[in-house]
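Peer 1: What follows is a predicted structure for the sequence shown.
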Amino acid sequence: MDKTVMVEPEMDAATSALWEAELNKFEKKGGYAASLKPSKEQVELIREDQRIDHLAENFRLWIEDLFGSFDIRQMYTDLGVTTPQDKVLLRVALHRLVADGILERGRLMGTYRKIDAEADSIGLLEEEPVPIPIKLPGGIEEYVDIFPGNIIVNAGSPNAGKSAYDLNCAIQNCDDFEVIYFSSEMGPEELTLRTSKFDIPKNEWKKIQFKKRVENFQDVVQPNALNIVDYLEVIEGEFYKIGDHIRKIYQKLERGIAIISLQMDRGAKFAWGGQKTLDKARVYLTLDAGVLTLQKGKNRSSTVNPDGLSRSFKLISGCEFRWEPWQSKA
């Protein structure tokens, strides 16, 4: 008997494979697969099961990557959930995680926090800690100390000067640090063109290790070097993962530091990925419409609170920053 599976035209390959597996089970019990044809209702049920499984898997990954607090509306956005049925499924899942002690409810309705029960030991130093003598374009080090293992986030809107800032940082520090520059966009031609615009001998740029990289930067970051990531990107719809990528880079560092560039919408306060991108940053600066703003400066190097300080600039030839005086937050 011909045992070819009859499949309706609208059934995709994945659904067809699942259906064929069910028919094989039926055959083993004495049935005849060739005489069966899935109804539209059965096909839709299989597809609905697949969709729910896919949503459950995305939710599991989202929770695994989660650190700190979150708003349920942000979760819906990150996971692309729009239907009332899917929102109910996720709320039930959240309630179960609260009951299991994985999440706790926040003070505001619809907010939750992932419980982190891990803690690394920290030993006190015998001597006074000494900041790293790094030079940051715009003179940020005048207001914020940088220590080993620190993360600096450079969030910029399109064409605001992220790469120019990163290249300036690289060339200004290459005599004092091992500088590794990871580029996710520039090839050798563009890199040569960009660096040629600086009034700096070509041999100076050879002190910097330029690398091509587009993902999993934690695998290539050097623990004791000045690592510059230009820039960290993710697939559209997975911006919520950016915070976790930053955390993985942070975990790789020892005596070194990392400057991580992120994309940001014009007029925004934070990069794609939202406030999760703040978590590990000791310095968080934004570049937008000719203004550098210090959104966060954790370790003050003066009596001035660096948070909210801003400095206007003009970017000449895509390489030279001409700075105006610092302005305090209004």
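Peer 2: Nice, thanks for sending it over.

Peer 1: quick one: least confident helix or strand in the protein?
Peer 2: Ranked by mean pLDDT, DSSP states H and E, the weakest helix or strand in the chain is helix 13-28, scoring a mean of 60.

Peer 1: Following element in sequence after that helix, please.
Peer 2: Counting by DSSP states H and E, the next helix or strand C-terminal to helix 13-28 is helix 40-65.

Peer 1: That next one - contacts with which helices or strands?
Peer 2: helix 13-28, helix 72-79, helix 84-99 (3 or more C-beta pairs under 8 Å, 6 or more residues apart in numbering; DSSP states H and E). In short, each C-beta sits where N, CA and C put it, glycine included.

Peer 1: what's the angle between that helix and helix 84-99?
Peer 2: Put simply, helix 40-65 runs at 40 degrees to helix 84-99, going by axes from the mean of the first three to the mean of the last three C-alpha atoms, to 10 degrees.

Peer 1: buried set for helix 40-65?
Peer 2: Neighbour-count burial for helix 40-65 flags 42-43, 46-47, 55, 58-59, 62-63, 65 (criterion: 16 or more other C-beta atoms under 10 Å).

Peer 1: chain center to it: distance?
Peer 2: 25 Å (C-alpha atoms, centre = their mean, to the nearest Å).

Peer 1: What of stretch 177-197?
Peer 2: Remark: stretch 177-197 is offset 22 Å from the chain centroid, using C-alpha atoms, centre = their mean.

Peer 1: So for that stretch, could I get the coordinates as PDB, restricted to C-alpha?
Peer 2: Coordinates of each C-alpha in stretch 177-197 appear next as PDB, following Å, rounded to 0.1, in the frame of the first residue of the first chain:
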ATOM      1  CA  PHE A 177      47.700  50.900  26.800                       C
ATOM      2  CA  GLU A 178      47.300  47.900  24.600                       C
ATOM      3  CA  VAL A 179      44.400  49.200  22.500                       C
ATOM      4  CA  ILE A 180      42.200  46.700  20.600                       C
ATOM      5  CA  TYR A 181      39.600  48.200  18.300                       C
ATOM      6  CA  PHE A 182      36.700  46.000  17.200                       C
ATOM      7  CA  SER A 183      34.700  47.300  14.300                       C
ATOM      8  CA  SER A 184      31.400  45.800  13.200                       C
ATOM      9  CA  GLU A 185      31.100  48.100  10.100                       C
ATOM     10  CA  MET A 186      34.500  49.300   8.700                       C
ATOM     11  CA  GLY A 187      36.600  47.300   6.300                       C
ATOM     12  CA  PRO A 188      40.200  48.100   5.500                       C
ATOM     13  CA  GLU A 189      39.300  50.700   2.800                       C
ATOM     14  CA  GLU A 190      37.000  52.700   5.100                       C
ATOM     15  CA  LEU A 191      39.300  52.400   8.100                       C
ATOM     16  CA  THR A 192      42.200  53.700   6.000                       C
ATOM     17  CA  LEU A 193      40.000  56.600   4.800                       C
ATOM     18  CA  ARG A 194      38.800  57.500   8.300                       C
ATOM     19  CA  THR A 195      42.200  57.500   9.900                       C
ATOM     20  CA  SER A 196      43.800  59.400   7.000                       C
ATOM     21  CA  LYS A 197      41.600  62.400   7.900                       C
END
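
Peer 1: Next, the buried residues of that stretch.
Peer 2: 177, 179-183, 186, 191, 194-195.

Peer 1: Tabulate those in CSV, adding columns for secondary structure and distance to Gln295.
Peer 2: Listed next are these as CSV, based on DSSP: H, G, I helix; E, B strand; the rest coil; distance: C-beta to C-beta, whole Å:
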residue, secondary structure, distance to Gln295
Phe177, coil, 25
Val179, strand, 25
Ile180, strand, 25
Tyr181, strand, 24
Phe182, strand, 23
Ser183, strand, 24
Met186, coil, 26
Leu191, helix, 29
Arg194, helix, 26
Thr195, helix, 29
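
Peer 1: got TSV for these, with pLDDT and distance to Ile140 too?
Peer 2: Putting the buried residues of stretch 177-197 into TSV (pLDDT from 0 to 100; distance: C-beta to C-beta, whole Å) gives the following:
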residue	pLDDT	distance to Ile140
Phe177	97	16
Val179	98	17
Ile180	98	21
Tyr181	98	19
Phe182	97	21
Ser183	96	22
Met186	93	24
Leu191	95	25
Arg194	95	22
Thr195	96	23
